[in-house]
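**Q** for reference, the sequence and a predicted model appear below.
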Amino acid sequence: MSPCAAPVVCIGGLNIDRKLRLLAEALPASSNPCEAHETPGGVVRNVAENLARLGLPVALVAAVGDDAGGRLLLAQAAEVGIDTRAVIQRRRHASDSYTAVLAPDGSLALGLAAMPLVDGLGPPALAASRALRAGAALVVADGNLPAAAWPLLLAEARDGGVPLVGVAVSEAKMARLPESLAGLHLLMLNAGELGTVAAEPAAAFAALHARGVARVLVSRGAQGLLLSEAGWAPRHWPAPAVDIVDVTGAGDALAAGVCAALLRDGGDFDAAARLGLDLAALTLQTEASVHPELTPRFLEER
């Protein structure tokens, strides 16, 4: 994969992110004071915004309602340079939402996903954007997609040669991935999501490779990244030490940094891991899901 005019096509969640940050430790079954903040969100949408702010061509395949939230999501995406022509607008539907309840230290205490629209992105809904995916430099799909979408995307990757990157979104949604993952160039997930495959990382890596995944990249938070490639010992990269303001969006920034580096050189996973970690560290230091001051200079300096 080399830099070109072909877009990165991002498929999956597009929703309103609501962040409620507790001002003190939560008291169960009681009213708890908090600060509230609302932004555009969705794992793959956040990946797309990071890539667009880095100056890379990116198109979004997702679904929104015809409500105020949907109009806000489309307007903001266009403002930062994301091609939204393949976003489906559902009439008489509310847009999807994700509510993150954060502890006073910024860590996630509880996540609540109300996302019926992305559940509708099965093969019939994805048919209209097939040509867009066929002409992409890279396709990135998040784990919000319904189970029915994955065989289609995997078959396209195998038959068309466009690398497919999967980004997990939660432990609960790991079950949406099919047993056969042949055609998946890279799967990115965290330690908890990896643990849904097998209790021990080595066994989980082996199981995913047996299912057809070429590479597995695992984020372990402050402990850094692990990359497993079939037939090779896992590689480790330490995470930069930063003062954490808010963890929301850091994993999405990591995924975007990895994808941006792979566009430069599809075989240089050392550069991909380092760029992903740097972008995640930057995002941890802001309350926004995507760092608002991110520009193409971030790539130029690396």
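**A** That came through fine. Numbers count the residues shown, from 1 in each chain.

**Q** residues in contact with the residue lying closest to residue 160 once chain neighbours are set aside?
**A** Spatial nearest neighbour of residue 160, chain neighbours left out: residue 134 (5.5 Å); criterion: Cβ to Cβ, 6 or more residues apart in numbering. All C-beta spots, glycine's among them, are computed from the backbone N, C-alpha and C. By Cβ atoms under 8 Å, 6 or more residues apart in numbering, the contact set of residue 134 is 156, 160, 162.

**Q** A helix includes residue 10, no?
**A** No - with DSSP: H, G, I helix; E, B strand; the rest coil as the criterion, residue 10 is located in strand rather than a helix.

**Q** now the residue nearest to residue 160: how far from residue 258?
**A** 23 Å (Cβ to Cβ, to the nearest Å).

**Q** can you check residue 14 too?
**A** With Cβ to Cβ as the criterion, residue 14 and residue 258 are 21 Å apart.

**Q** of the two, which one has the most company?
**A** residue 14 (35 against 28; other Cβ atoms under 10 Å).

**Q** the closest residue to the more buried one other than its chain neighbours: neighbour count?
**A** The shortest distance from residue 14 to any non-neighbouring residue, by Cβ to Cβ, 6+ apart, is to residue 62 (3.5 Å). The number of residues packed near residue 62 is 31, by other Cβ under 10 Å.

**Q** and the nearest residue to residue 225 once chain neighbours are set aside, its phi and psi?
**A** Excluding the flanking residues, the one nearest residue 225 by Cβ to Cβ, 6+ apart is residue 237, at 4.6 Å. For residue 237, the backbone dihedrals (degrees, to the nearest 10) come out as phi -130, psi 130.

**Q** spit out the contact partners of residue 237.
**A** Neighbours of residue 237 in contact, by Cβ under 8 Å, 6+ apart: 224-225, 227, 270, 273-274, 277.

**Q** got it, and residue 88?
**A** With Cβ under 8 Å, 6+ apart, residue 88 has these contacts: 62-64, 121, 125, 128.

**Q** and of these, the nearest to residue 80?
**A** Among those, residue 62 lies closest to residue 80 (Cβ to Cβ), at 14.6 Å.

**Q** mind listing what the closest one touches?
**A** 10-14, 42, 44-45, 87-88, 118, 121.

**Q** so how far is residue 27 from it?
**A** Between residue 62 and residue 27 the computed distance is 37 Å (Cβ to Cβ).

**Q** run through the residues that contact residue 22.
**A** Per Cβ under 8 Å, 6+ apart, neighbours of residue 22: 32-34, 101-104, 109.

**Q** could those go into JSON lines alongside distance to residue 140?
**A** Conversion of the contacts of residue 22 to JSON lines gives the following (distance: Cβ to Cβ, whole Å):
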{"residue": "32", "distance to residue 140": "36"}
{"residue": "33", "distance to residue 140": "38"}
{"residue": "34", "distance to residue 140": "32"}
{"residue": "101", "distance to residue 140": "27"}
{"residue": "102", "distance to residue 140": "26"}
{"residue": "103", "distance to residue 140": "29"}
{"residue": "104", "distance to residue 140": "33"}
{"residue": "109", "distance to residue 140": "28"}
